[in-house]
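> sequence and computational prediction follow.
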Amino acid sequence: MTYDLIVIGSGPGGYVCAIRAAQLGLKTAVVEKDATYGGTCLNVGCIPSKALLHASHMFDEAGHGLAPLGVIVDPPRLDLPAMMKHKADTVGANVAGVAYLFKKNKVDGFRGVGRLAGPGKVSVTGPDGAVQTLETKNVVIATGSAVAPLRDAASAAIEIDEKVIVSSTGALALEKVPQKLVVIGAGVIGLELGSVWRRLGAQVTAIEYLDRVLPGFDLEVATRFQKILEKQGFAFKLASKVTGVTREGDGVSVSWSSVDGATSDKIAADVVLIATGRIPYTQGLGLEEAGVVLERGRIVIDDHFATNVAGVYAIGDVVRGPMLAHKAEDEGVAVAEILAGEAGHVNYNVIPGVVYTAPEVASVGITEEEAKAKGLTIAVGKFPFSANGRARANRETDGFVKIIADAVTDRVLGVHILGAGAGELIAEATVLMEFSGSSEDLARTCHAHPTMSEAMKEAALAVLKRPIHI
Ligand code: NAI
(Lines give C-alpha, C1' and ligand atoms only; values in the text may rest on other atoms or scores of the structure.)
Protein backbone atom coordinates (compact mmCIF):
# COMPACT_ATOMS: atom_id res chain seq x y z
CA MET A 1 0.00 0.00 0.00
CA THR A 2 1.18 3.53 -0.77
CA TYR A 3 0.28 6.36 1.60
CA ASP A 4 -0.67 9.78 0.27
CA LEU A 5 1.22 11.33 3.19
CA ILE A 6 3.64 10.25 5.87
CA VAL A 7 4.33 12.78 8.61
CA ILE A 8 7.58 12.31 10.54
CA GLY A 9 7.07 13.64 14.07
CA SER A 10 3.84 13.88 16.07
CA GLY A 11 4.25 17.22 17.88
CA PRO A 12 1.72 20.03 17.44
CA GLY A 13 2.83 20.55 13.82
CA GLY A 14 2.86 16.87 12.86
CA TYR A 15 -0.26 15.61 14.60
CA VAL A 16 -2.44 18.50 13.43
CA CYS A 17 -1.11 18.07 9.88
CA ALA A 18 -1.87 14.32 9.88
CA ILE A 19 -5.39 14.77 11.23
CA ARG A 20 -6.25 17.54 8.77
CA ALA A 21 -4.82 15.51 5.86
CA ALA A 22 -6.88 12.47 6.87
CA GLN A 23 -10.00 14.63 7.20
CA LEU A 24 -9.40 15.81 3.63
CA GLY A 25 -9.31 12.22 2.38
CA LEU A 26 -5.56 11.57 2.22
CA LYS A 27 -4.36 8.14 3.36
CA THR A 28 -2.05 9.26 6.14
CA ALA A 29 0.50 7.79 8.58
CA VAL A 30 2.58 9.30 11.35
CA VAL A 31 6.02 8.07 12.43
CA GLU A 32 6.99 8.87 16.04
CA LYS A 33 10.23 7.81 17.76
CA ASP A 34 8.97 8.36 21.32
CA ALA A 35 6.56 6.16 23.29
CA THR A 36 3.72 8.70 23.24
CA TYR A 37 2.43 11.15 20.65
CA GLY A 38 2.55 14.92 21.12
CA GLY A 39 6.25 15.73 20.76
CA THR A 40 8.17 18.09 23.03
CA CYS A 41 5.19 20.41 23.59
CA LEU A 42 2.80 17.84 25.05
CA ASN A 43 5.33 15.58 26.78
CA VAL A 44 8.19 17.72 28.08
CA GLY A 45 7.44 21.31 27.02
CA CYS A 46 4.44 23.63 26.91
CA ILE A 47 1.87 21.38 28.58
CA PRO A 48 3.82 20.15 31.64
CA SER A 49 5.26 23.69 32.01
CA LYS A 50 1.76 25.13 32.11
CA ALA A 51 0.65 22.55 34.67
CA LEU A 52 3.55 23.52 36.97
CA LEU A 53 3.21 27.24 36.23
CA HIS A 54 -0.45 27.17 37.24
CA ALA A 55 0.06 24.99 40.31
CA SER A 56 3.05 26.98 41.58
CA HIS A 57 1.15 30.25 40.98
CA MET A 58 -1.69 28.92 43.14
CA PHE A 59 0.86 28.04 45.85
CA ASP A 60 2.35 31.53 45.65
CA GLU A 61 -1.05 33.21 45.76
CA ALA A 62 -2.13 31.12 48.75
CA GLY A 63 1.07 32.16 50.53
CA HIS A 64 1.19 35.84 49.60
CA GLY A 65 -1.82 36.96 47.59
CA LEU A 66 -4.85 36.19 49.73
CA ALA A 67 -4.38 38.12 52.99
CA PRO A 68 -4.64 41.57 51.33
CA LEU A 69 -8.03 40.43 50.00
CA GLY A 70 -9.16 39.56 53.51
CA VAL A 71 -8.79 35.83 53.02
CA ILE A 72 -6.75 34.44 55.89
CA VAL A 73 -5.33 30.96 55.46
CA ASP A 74 -2.56 29.07 57.18
CA PRO A 75 0.72 29.23 55.28
CA PRO A 76 0.40 26.63 52.52
CA ARG A 77 2.52 23.49 52.55
CA LEU A 78 3.95 22.04 49.36
CA ASP A 79 3.17 18.47 48.33
CA LEU A 80 5.58 18.27 45.39
CA PRO A 81 4.73 14.65 44.44
CA ALA A 82 1.04 15.67 44.21
CA MET A 83 1.96 18.69 42.07
CA MET A 84 4.02 16.41 39.82
CA LYS A 85 1.10 14.00 39.61
CA HIS A 86 -1.12 16.86 38.43
CA LYS A 87 1.51 17.54 35.75
CA ALA A 88 1.74 13.85 34.75
CA ASP A 89 -2.06 13.49 34.61
CA THR A 90 -2.31 16.59 32.41
CA VAL A 91 0.35 15.24 30.04
CA GLY A 92 -1.29 11.78 30.06
CA ALA A 93 -4.71 13.15 29.13
CA ASN A 94 -3.27 15.25 26.31
CA VAL A 95 -1.16 12.53 24.70
CA ALA A 96 -4.08 10.09 24.99
CA GLY A 97 -6.20 12.71 23.24
CA VAL A 98 -3.86 12.72 20.25
CA ALA A 99 -3.89 8.89 20.06
CA TYR A 100 -7.71 9.02 20.16
CA LEU A 101 -7.84 11.61 17.36
CA PHE A 102 -5.50 9.51 15.19
CA LYS A 103 -7.77 6.50 15.64
CA LYS A 104 -10.93 8.48 15.02
CA ASN A 105 -9.51 10.00 11.83
CA LYS A 106 -7.92 6.73 10.64
CA VAL A 107 -4.33 8.00 10.81
CA ASP A 108 -1.91 5.03 11.05
CA GLY A 109 0.81 5.34 13.70
CA PHE A 110 4.28 3.79 13.44
CA ARG A 111 6.64 3.78 16.44
CA GLY A 112 10.28 4.33 15.51
CA VAL A 113 12.79 6.68 13.94
CA GLY A 114 11.63 7.81 10.51
CA ARG A 115 14.09 8.43 7.73
CA LEU A 116 13.88 9.38 4.04
CA ALA A 117 14.94 6.19 2.26
CA GLY A 118 14.81 7.15 -1.41
CA PRO A 119 12.07 8.69 -3.56
CA GLY A 120 8.66 7.80 -2.16
CA LYS A 121 10.09 5.75 0.69
CA VAL A 122 10.33 6.25 4.46
CA SER A 123 12.11 3.72 6.65
CA VAL A 124 11.06 3.26 10.27
CA THR A 125 13.56 1.82 12.75
CA GLY A 126 11.55 0.56 15.72
CA PRO A 127 12.68 0.52 19.37
CA ASP A 128 13.78 -3.13 18.88
CA GLY A 129 15.97 -2.20 15.89
CA ALA A 130 13.65 -3.77 13.33
CA VAL A 131 13.38 -1.74 10.13
CA GLN A 132 10.33 -1.49 7.91
CA THR A 133 9.97 0.56 4.77
CA LEU A 134 6.78 2.44 3.96
CA GLU A 135 5.78 3.87 0.60
CA THR A 136 4.26 7.30 0.21
CA LYS A 137 3.54 10.02 -2.31
CA ASN A 138 4.50 12.82 0.09
CA VAL A 139 6.46 13.30 3.31
CA VAL A 140 6.09 16.14 5.82
CA ILE A 141 9.03 16.54 8.18
CA ALA A 142 7.79 17.85 11.53
CA THR A 143 10.57 16.69 13.82
CA GLY A 144 10.75 19.84 15.94
CA SER A 145 13.77 20.99 17.89
CA ALA A 146 16.20 19.93 20.60
CA VAL A 147 18.07 21.74 23.38
CA ALA A 148 20.99 23.77 22.01
CA PRO A 149 24.24 22.53 23.58
CA LEU A 150 26.06 25.01 25.83
CA ARG A 151 29.84 25.11 25.51
CA ASP A 152 32.33 26.05 28.20
CA ALA A 153 35.36 28.36 27.77
CA ALA A 154 37.35 25.46 26.25
CA SER A 155 34.47 24.82 23.79
CA ALA A 156 33.55 21.47 25.35
CA ALA A 157 29.80 20.77 25.46
CA ILE A 158 28.45 20.88 29.01
CA GLU A 159 26.88 17.52 29.72
CA ILE A 160 23.23 17.51 30.78
CA ASP A 161 22.40 14.77 33.33
CA GLU A 162 18.77 15.99 33.83
CA LYS A 163 19.23 15.74 37.63
CA VAL A 164 21.69 18.47 38.62
CA ILE A 165 22.58 19.95 35.24
CA VAL A 166 19.20 20.05 33.57
CA SER A 167 17.46 21.17 30.40
CA SER A 168 13.78 22.12 30.50
CA THR A 169 13.00 18.38 30.54
CA GLY A 170 14.79 17.80 33.85
CA ALA A 171 13.60 21.12 35.28
CA LEU A 172 10.03 19.86 34.87
CA ALA A 173 10.76 16.76 36.94
CA LEU A 174 12.97 17.76 39.90
CA GLU A 175 12.35 15.53 42.91
CA LYS A 176 12.81 18.32 45.42
CA VAL A 177 12.88 22.09 45.42
CA PRO A 178 16.49 23.22 44.94
CA GLN A 179 17.67 25.72 47.51
CA LYS A 180 19.69 27.49 44.86
CA LEU A 181 18.87 27.34 41.17
CA VAL A 182 21.03 28.94 38.51
CA VAL A 183 19.34 29.52 35.18
CA ILE A 184 21.56 30.04 32.15
CA GLY A 185 19.66 32.15 29.60
CA ALA A 186 16.96 34.67 30.58
CA GLY A 187 14.70 33.79 27.65
CA VAL A 188 11.26 32.23 27.71
CA ILE A 189 12.20 28.86 29.24
CA GLY A 190 14.57 30.35 31.83
CA LEU A 191 12.02 32.84 33.10
CA GLU A 192 9.04 30.45 33.05
CA LEU A 193 10.76 27.54 34.79
CA GLY A 194 12.79 29.89 37.01
CA SER A 195 9.42 31.31 38.14
CA VAL A 196 8.05 27.85 38.93
CA TRP A 197 10.92 26.97 41.27
CA ARG A 198 11.20 30.44 42.81
CA ARG A 199 7.53 30.28 43.80
CA LEU A 200 8.14 26.90 45.39
CA GLY A 201 11.04 28.27 47.44
CA ALA A 202 14.23 28.27 45.35
CA GLN A 203 16.64 31.19 45.25
CA VAL A 204 16.99 31.83 41.52
CA THR A 205 19.85 33.56 39.72
CA ALA A 206 19.64 33.99 35.94
CA ILE A 207 22.83 34.47 33.94
CA GLU A 208 22.17 36.08 30.57
CA TYR A 209 24.60 36.86 27.77
CA LEU A 210 22.73 39.95 26.55
CA ASP A 211 22.26 43.14 28.56
CA ARG A 212 18.50 42.51 28.77
CA VAL A 213 16.02 39.71 29.39
CA LEU A 214 13.61 38.18 26.85
CA PRO A 215 15.36 38.99 23.56
CA GLY A 216 12.92 39.46 20.70
CA PHE A 217 10.30 41.07 22.95
CA ASP A 218 9.81 44.85 23.14
CA LEU A 219 12.67 46.30 25.20
CA GLU A 220 10.50 48.56 27.36
CA VAL A 221 8.29 45.59 28.24
CA ALA A 222 11.29 43.37 28.97
CA THR A 223 12.97 46.01 31.17
CA ARG A 224 9.84 46.57 33.26
CA PHE A 225 9.29 42.81 33.46
CA GLN A 226 12.82 42.31 34.77
CA LYS A 227 12.16 44.83 37.57
CA ILE A 228 8.98 42.99 38.55
CA LEU A 229 10.85 39.66 38.60
CA GLU A 230 13.57 41.23 40.77
CA LYS A 231 10.88 42.37 43.21
CA GLN A 232 9.65 38.77 43.27
CA GLY A 233 13.14 37.62 44.25
CA PHE A 234 14.91 36.78 40.97
CA ALA A 235 18.58 37.83 40.75
CA PHE A 236 20.03 38.66 37.32
CA LYS A 237 23.55 38.70 35.98
CA LEU A 238 23.16 40.33 32.59
CA ALA A 239 25.87 40.81 29.96
CA SER A 240 27.51 37.73 31.46
CA LYS A 241 28.59 34.44 29.98
CA VAL A 242 29.04 31.06 31.55
CA THR A 243 32.57 29.75 31.21
CA GLY A 244 32.16 26.41 32.95
CA VAL A 245 29.75 24.17 34.84
CA THR A 246 31.30 21.56 37.13
CA ARG A 247 29.79 19.04 39.53
CA GLU A 248 30.80 19.72 43.13
CA GLY A 249 29.55 17.23 45.73
CA ASP A 250 25.79 16.87 45.28
CA GLY A 251 25.60 20.23 43.58
CA VAL A 252 27.25 22.23 40.89
CA SER A 253 29.53 25.22 40.50
CA VAL A 254 28.85 27.68 37.68
CA SER A 255 31.74 29.88 36.55
CA TRP A 256 30.83 33.07 34.74
CA SER A 257 32.48 36.20 33.49
CA SER A 258 31.10 39.51 32.30
CA VAL A 259 31.00 39.72 28.51
CA ASP A 260 33.55 42.57 28.62
CA GLY A 261 35.84 40.33 30.68
CA ALA A 262 36.08 42.83 33.55
CA THR A 263 34.65 40.53 36.24
CA SER A 264 34.37 36.83 36.76
CA ASP A 265 33.21 34.62 39.60
CA LYS A 266 31.58 31.31 40.53
CA ILE A 267 28.13 30.55 41.90
CA ALA A 268 27.34 27.38 43.81
CA ALA A 269 23.94 25.86 43.09
CA ASP A 270 21.94 22.72 43.74
CA VAL A 271 20.66 22.67 40.18
CA VAL A 272 21.59 24.53 37.00
CA LEU A 273 19.09 24.90 34.17
CA ILE A 274 20.50 25.34 30.68
CA ALA A 275 17.97 27.42 28.72
CA THR A 276 20.06 29.00 26.01
CA GLY A 277 17.82 28.18 23.08
CA ARG A 278 16.81 25.26 20.90
CA ILE A 279 18.07 23.99 17.55
CA PRO A 280 16.14 22.28 14.73
CA TYR A 281 16.06 18.48 15.01
CA THR A 282 17.37 17.32 11.63
CA GLN A 283 19.92 14.60 12.33
CA GLY A 284 19.39 10.99 11.22
CA LEU A 285 16.53 11.84 8.88
CA GLY A 286 18.45 11.07 5.69
CA LEU A 287 18.16 14.70 4.59
CA GLU A 288 21.71 15.01 3.25
CA GLU A 289 21.43 11.73 1.32
CA ALA A 290 18.12 12.85 -0.17
CA GLY A 291 19.70 16.20 -1.15
CA VAL A 292 17.39 18.36 0.99
CA VAL A 293 18.87 21.86 1.33
CA LEU A 294 19.41 23.24 4.85
CA GLU A 295 20.44 26.78 5.77
CA ARG A 296 21.89 27.50 9.23
CA GLY A 297 20.49 24.21 10.47
CA ARG A 298 16.96 24.80 9.25
CA ILE A 299 15.28 23.05 6.31
CA VAL A 300 14.74 25.49 3.45
CA ILE A 301 11.15 25.61 2.17
CA ASP A 302 9.20 27.70 -0.32
CA ASP A 303 5.93 29.53 0.37
CA HIS A 304 4.10 26.21 0.12
CA PHE A 305 6.31 24.36 2.65
CA ALA A 306 8.00 22.38 -0.15
CA THR A 307 11.72 21.60 0.12
CA ASN A 308 13.90 21.42 -2.99
CA VAL A 309 13.20 17.65 -3.20
CA ALA A 310 9.92 16.71 -4.87
CA GLY A 311 7.35 15.30 -2.46
CA VAL A 312 9.25 16.37 0.68
CA TYR A 313 7.76 19.15 2.81
CA ALA A 314 8.70 20.58 6.22
CA ILE A 315 6.93 22.61 8.93
CA GLY A 316 7.36 23.84 12.51
CA ASP A 317 10.62 24.25 14.42
CA VAL A 318 12.73 22.69 11.61
CA VAL A 319 11.91 25.58 9.26
CA ARG A 320 12.22 29.40 9.44
CA GLY A 321 10.21 31.44 11.91
CA PRO A 322 9.52 31.34 15.63
CA MET A 323 9.72 27.98 17.42
CA LEU A 324 6.12 28.07 18.65
CA ALA A 325 3.56 25.27 18.81
CA HIS A 326 0.68 27.34 17.41
CA LYS A 327 2.81 28.44 14.44
CA ALA A 328 3.66 24.79 13.72
CA GLU A 329 -0.04 23.85 13.98
CA ASP A 330 -1.10 26.49 11.47
CA GLU A 331 1.64 25.33 9.11
CA GLY A 332 0.49 21.71 9.58
CA VAL A 333 -3.07 22.58 8.57
CA ALA A 334 -1.86 24.70 5.64
CA VAL A 335 0.44 22.03 4.15
CA ALA A 336 -2.27 19.36 4.55
CA GLU A 337 -4.70 21.58 2.68
CA ILE A 338 -2.15 22.28 -0.06
CA LEU A 339 -1.47 18.54 -0.47
CA ALA A 340 -5.23 17.95 -0.73
CA GLY A 341 -5.43 20.48 -3.56
CA GLU A 342 -6.80 23.35 -1.48
CA ALA A 343 -5.28 26.77 -0.74
CA GLY A 344 -3.52 26.51 2.65
CA HIS A 345 -2.34 29.78 4.11
CA VAL A 346 -0.58 31.07 7.26
CA ASN A 347 -0.70 34.77 8.20
CA TYR A 348 2.79 35.22 9.66
CA ASN A 349 2.08 38.86 10.61
CA VAL A 350 -0.18 37.89 13.46
CA ILE A 351 1.53 35.04 15.30
CA PRO A 352 1.51 35.98 18.98
CA GLY A 353 4.05 34.90 21.59
CA VAL A 354 3.23 34.51 25.28
CA VAL A 355 5.41 34.07 28.36
CA TYR A 356 3.30 32.34 31.02
CA THR A 357 4.84 33.98 34.07
CA ALA A 358 3.03 36.21 36.58
CA PRO A 359 2.48 38.78 35.26
CA GLU A 360 2.30 37.37 31.75
CA VAL A 361 4.07 38.89 28.76
CA ALA A 362 2.43 38.71 25.35
CA SER A 363 3.36 40.17 22.03
CA VAL A 364 2.25 40.22 18.40
CA GLY A 365 3.73 42.05 15.44
CA ILE A 366 6.80 44.26 15.50
CA THR A 367 8.49 45.86 18.53
CA GLU A 368 9.39 49.55 18.89
CA GLU A 369 13.05 48.66 18.23
CA GLU A 370 12.19 46.71 15.06
CA ALA A 371 9.99 49.58 13.82
CA LYS A 372 12.81 52.07 14.36
CA ALA A 373 15.38 49.76 12.73
CA LYS A 374 13.10 49.61 9.67
CA GLY A 375 13.05 53.42 9.58
CA LEU A 376 9.28 53.56 10.17
CA THR A 377 7.70 56.64 11.72
CA ILE A 378 5.55 55.31 14.50
CA ALA A 379 2.94 56.44 16.98
CA VAL A 380 3.02 54.65 20.34
CA GLY A 381 -0.11 54.29 22.48
CA LYS A 382 0.20 53.01 26.04
CA PHE A 383 -2.17 52.26 28.87
CA PRO A 384 -1.05 51.21 32.37
CA PHE A 385 -3.01 48.58 34.27
CA SER A 386 -2.67 50.80 37.37
CA ALA A 387 -5.35 52.99 35.76
CA ASN A 388 -7.70 50.09 35.12
CA GLY A 389 -10.53 49.45 37.56
CA ARG A 390 -10.65 45.69 37.24
CA ALA A 391 -6.87 45.39 37.54
CA ARG A 392 -7.03 47.40 40.77
CA ALA A 393 -9.89 45.27 42.06
CA ASN A 394 -7.81 42.16 41.40
CA ARG A 395 -4.61 43.71 42.81
CA GLU A 396 -3.00 43.05 39.42
CA THR A 397 -1.83 46.54 38.51
CA ASP A 398 1.69 45.69 37.31
CA GLY A 399 2.26 46.32 33.63
CA PHE A 400 0.77 48.03 30.59
CA VAL A 401 -0.52 47.64 27.06
CA LYS A 402 1.66 49.19 24.37
CA ILE A 403 0.54 49.62 20.79
CA ILE A 404 2.92 50.47 17.95
CA ALA A 405 1.18 52.03 14.97
CA ASP A 406 2.24 53.62 11.72
CA ALA A 407 2.25 57.37 12.50
CA VAL A 408 0.76 58.28 9.13
CA THR A 409 -2.01 55.71 8.71
CA ASP A 410 -2.48 54.60 12.34
CA ARG A 411 -2.34 51.02 11.12
CA VAL A 412 -1.40 48.84 14.12
CA LEU A 413 1.96 47.15 13.54
CA GLY A 414 2.55 45.54 16.93
CA VAL A 415 0.98 45.08 20.35
CA HIS A 416 2.96 44.29 23.49
CA ILE A 417 1.34 43.51 26.81
CA LEU A 418 2.82 43.04 30.27
CA GLY A 419 0.18 42.14 32.81
CA ALA A 420 -2.20 39.57 34.24
CA GLY A 421 -4.17 37.91 31.45
CA ALA A 422 -1.83 39.21 28.73
CA GLY A 423 -1.98 35.77 27.08
CA GLU A 424 -5.74 36.17 26.63
CA LEU A 425 -5.72 39.87 25.75
CA ILE A 426 -3.24 39.32 22.92
CA ALA A 427 -5.96 37.55 20.91
CA GLU A 428 -7.89 40.80 20.54
CA ALA A 429 -4.64 42.57 19.66
CA THR A 430 -4.44 40.39 16.56
CA VAL A 431 -7.91 41.67 15.62
CA LEU A 432 -6.64 45.25 15.92
CA MET A 433 -3.69 44.37 13.70
CA GLU A 434 -5.87 42.77 11.06
CA PHE A 435 -8.58 45.42 10.91
CA SER A 436 -6.75 48.69 11.50
CA GLY A 437 -5.79 49.79 7.99
CA SER A 438 -6.39 53.46 8.85
CA SER A 439 -7.29 55.81 11.73
CA GLU A 440 -10.98 55.36 10.93
CA ASP A 441 -10.60 51.58 10.89
CA LEU A 442 -8.75 51.64 14.21
CA ALA A 443 -11.43 53.79 15.87
CA ARG A 444 -14.20 51.68 14.37
CA THR A 445 -12.52 48.43 15.44
CA CYS A 446 -12.23 49.72 19.02
CA HIS A 447 -15.83 50.85 19.21
CA ALA A 448 -17.35 48.02 17.21
CA HIS A 449 -16.05 45.45 19.68
CA PRO A 450 -17.94 46.05 22.92
CA THR A 451 -16.10 43.10 24.44
CA MET A 452 -12.67 44.60 23.80
CA SER A 453 -10.90 45.15 27.09
CA GLU A 454 -10.66 48.74 28.30
CA ALA A 455 -6.87 48.58 28.53
CA MET A 456 -6.55 47.57 24.86
CA LYS A 457 -9.10 50.14 23.77
CA GLU A 458 -7.43 52.93 25.74
CA ALA A 459 -3.98 52.10 24.33
CA ALA A 460 -5.48 52.19 20.81
CA LEU A 461 -7.25 55.47 21.56
CA ALA A 462 -3.91 56.82 22.81
CA VAL A 463 -2.49 56.10 19.35
CA LEU A 464 -5.35 58.24 17.99
CA LYS A 465 -4.53 60.86 20.66
CA ARG A 466 -7.93 60.70 22.31
CA PRO A 467 -7.60 58.54 25.41
CA ILE A 468 -10.32 58.86 28.03
CA HIS A 469 -8.77 57.46 31.20
CA ILE A 470 -5.21 58.79 30.90
P1 NAI B 1 15.33 31.83 24.03
O2 NAI B 1 15.93 32.09 22.72
O3 NAI B 1 13.99 32.38 24.38
O4 NAI B 1 16.31 32.32 25.20
C5 NAI B 1 17.63 31.89 25.31
C6 NAI B 1 18.41 32.94 26.06
O7 NAI B 1 19.69 32.44 26.35
C8 NAI B 1 18.60 34.22 25.27
O9 NAI B 1 18.24 35.30 26.09
C10 NAI B 1 20.07 34.20 24.92
O11 NAI B 1 20.62 35.50 24.81
C12 NAI B 1 20.64 33.46 26.11
N13 NAI B 1 21.92 32.80 25.88
C14 NAI B 1 22.32 32.11 24.79
N15 NAI B 1 23.56 31.62 24.98
C16 NAI B 1 23.96 32.00 26.22
C17 NAI B 1 25.12 31.79 27.01
N18 NAI B 1 26.14 31.07 26.54
N19 NAI B 1 25.18 32.32 28.26
C20 NAI B 1 24.13 33.05 28.73
N21 NAI B 1 23.01 33.27 28.04
C22 NAI B 1 22.91 32.75 26.80
O23 NAI B 1 15.35 30.22 24.19
P24 NAI B 1 14.72 29.27 25.29
O25 NAI B 1 14.22 30.04 26.45
O26 NAI B 1 15.72 28.20 25.51
O27 NAI B 1 13.47 28.68 24.52
C28 NAI B 1 13.67 27.89 23.34
C29 NAI B 1 12.50 28.03 22.38
O30 NAI B 1 11.33 27.51 22.95
C31 NAI B 1 12.23 29.48 22.03
O32 NAI B 1 12.09 29.56 20.64
C33 NAI B 1 10.93 29.79 22.70
O34 NAI B 1 10.14 30.69 21.95
C35 NAI B 1 10.27 28.42 22.82
N36 NAI B 1 9.44 28.40 24.01
C37 NAI B 1 8.24 29.05 23.98
C38 NAI B 1 7.47 29.09 25.11
C39 NAI B 1 6.19 29.84 25.08
O40 NAI B 1 5.74 30.18 23.99
N41 NAI B 1 5.57 30.15 26.22
C42 NAI B 1 7.86 28.44 26.36
C43 NAI B 1 9.16 27.85 26.29
C44 NAI B 1 9.89 27.82 25.15
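Sure, I can see it. In this text, all values refer to a predicted model and were calculated from it rather than measured experimentally.
> only C-alpha atoms from now on, for both contacts and neighbour counts.
Noted.
> measure Cys17 to the ligand for me?
20 Å (Cα to the nearest ligand atom, to the nearest Å).
> which strand or helix spans the nearest residue to that residue once chain neighbours are set aside?
Once flanking residues are discounted, Cys17 sits nearest to Gly332: 4.0 Å by Cα to Cα, 6 or more residues apart in numbering. In this structure, Gly332 sits in helix 325-339 according to DSSP states H and E.
> and that helix, is it in reach of the ligand?
No: counting by Cα under 6 Å from any ligand atom, the ligand is not contacted by helix 325-339; separation bottoms out at 7.5 Å.
> before we move on, the earlier item: number of residues surrounding the residue nearest to Cys17?
Gly332 has 30 neighbours, counted by other Cα atoms under 10 Å.
> how close does it sit to the ligand?
18 Å.
> what does Gly120 give?
Going from Gly120 to the ligand by Cα to the nearest ligand atom gives 32 Å.
> quick check: the residue of the stretch 351-470 of the chain nearest the ligand.
Using Cα to the nearest ligand atom, Val355 is the residue of the stretch 351-470 of the chain that sits closest to the ligand, at 4.5 Å.
> kindly state the beta-bridge partners for the closest residue to that residue other than its chain neighbours.
Counting by Cα to Cα, 6+ apart, Val355 lies nearest to Val361, which is 5.0 Å off, once chain neighbours are set aside. For Val361, the beta-bridge partners are Val355, Leu418 (DSSP bridges).
> and Val361, what is it in contact with?
Applying Cα atoms under 8 Å, 6 or more residues apart in numbering to Val361 gives the contacts 221, 354-355, 416-419, 422-423.
> mind listing what's buried in stretch 322-332?
By neighbour count on 16 or more other Cα atoms under 10 Å, the buried set for stretch 322-332 is 323-332.
> can you add pLDDT and give those residues back as TSV?
Formatted as TSV, the buried residues of stretch 322-332 follow (pLDDT from 0 to 100):
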residue	pLDDT
Met323	98
Leu324	98
Ala325	98
His326	98
Lys327	98
Ala328	98
Glu329	98
Asp330	98
Glu331	98
Gly332	98
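> thinking again about what came up before, the residue nearest to Cys17 contacts Gly11, correct?
No: in this structure, Gly332 is not within contact of Gly11 by Cα atoms under 8 Å, at 10.2 Å.
> quick check: which element contains Leu432?
Secondary structure from DSSP H and E places Leu432 in helix 422-435.
> flag every buried residue along that helix.
For helix 422-435, a neighbour-count test (16+ other Cα under 10 Å) marks 422-423, 425-434 as buried.
> and stretch 441-457, by the same measure?
441-443, 445-446, 452, 454-457.
> near the ligand, which residues of this structure are found?
Proximity of the chain to the ligand (Cα under 6 Å from any ligand atom) is limited to residues 46, 184-190, 207-210, 213-215, 241-242, 275-278, 322-324, 353-356.
> from those, list just the buried residues.
For these, buried by 16+ other Cα under 10 Å: 46, 184-190, 207-210, 213-214, 241-242, 275-277, 323-324, 353-356.
> among these, which are in helices?
If you go by DSSP state H, those have 46, 188-190 in helices.
> make a markdown table out of these and add pLDDT.
Below are those laid out as a markdown table (pLDDT from 0 to 100):
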| residue | pLDDT |
| --- | --- |
| Cys46 | 98 |
| Val188 | 98 |
| Ile189 | 98 |
| Gly190 | 98 |
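> residues contacting the closest residue to Tyr281 other than its chain neighbours?
Once flanking residues are discounted, Tyr281 sits nearest to Ser145: 4.5 Å by Cα to Cα, 6+ apart. By Cα under 8 Å, 6+ apart, the contact set of Ser145 is 278-281, 317-318.
> and which of the residues you listed is nearest Asp303?
Nearest to Asp303 among these is Val318, at 14.8 Å by Cα to Cα.
> can you report phi and psi for that closest one?
Note on Val318: backbone dihedrals following degrees, to the nearest 10 are phi -80, psi -10.
> can you check the pLDDT for it?
Val318 is assigned a predicted lDDT (pLDDT) of 98.
> beta partners of the closest residue to it other than its chain neighbours?
Once flanking residues are discounted, Val318 sits nearest to Pro280: 4.6 Å by Cα to Cα, 6+ apart. Judged by DSSP bridges, the bridge partners of Pro280 are Ser145.
> measure Pro280 to the ligand for me?
For Pro280, the distance to the ligand - Cα to the nearest ligand atom - is 10 Å.
> burial measure for that residue, as a count.
Neighbour count for Pro280, taken as other Cα under 10 Å: 22.
> how about Ile470?
12.
> my read: it touches Phe385, true?
No: between Ile470 and Phe385 no contact is recorded; they are 11.0 Å apart, counting by Cα under 8 Å.
> circling back to that earlier point, tell me how far the helix holding Leu432 lies from the chain's centre.
Chain-centre distance of helix 422-435: 18 Å, with Cα atoms, centre = their mean, to the nearest Å.
> packing partners of it?
Here helix 422-435 is seen to pack against strand 353-355, strand 360-365, strand 412-419, helix 439-448 when contacts are counted using 3 or more Cα pairs under 8 Å, 6 or more residues apart in numbering; DSSP states H and E.
> adding distance to Ala393 and mean pLDDT, write these out as TSV.
Output for the helices and strands packed on helix 422-435, formatted as TSV (distance: least, Cα to Cα, whole Å; pLDDT from 0 to 100):
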stretch	distance to Ala393	mean pLDDT
strand 353-355	23	98
strand 360-365	18	98
strand 412-419	14	97
helix 439-448	24	82
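> kindly reformat those as JSON lines containing distance to Thr90.
Formatted as JSON lines, the helices and strands packed on helix 422-435 follow (distance: least, Cα to Cα, whole Å):
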{"stretch": "strand 353-355", "distance to Thr90": "20"}
{"stretch": "strand 360-365", "distance to Thr90": "21"}
{"stretch": "strand 412-419", "distance to Thr90": "26"}
{"stretch": "helix 439-448", "distance to Thr90": "37"}
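> many thanks, have a good one.
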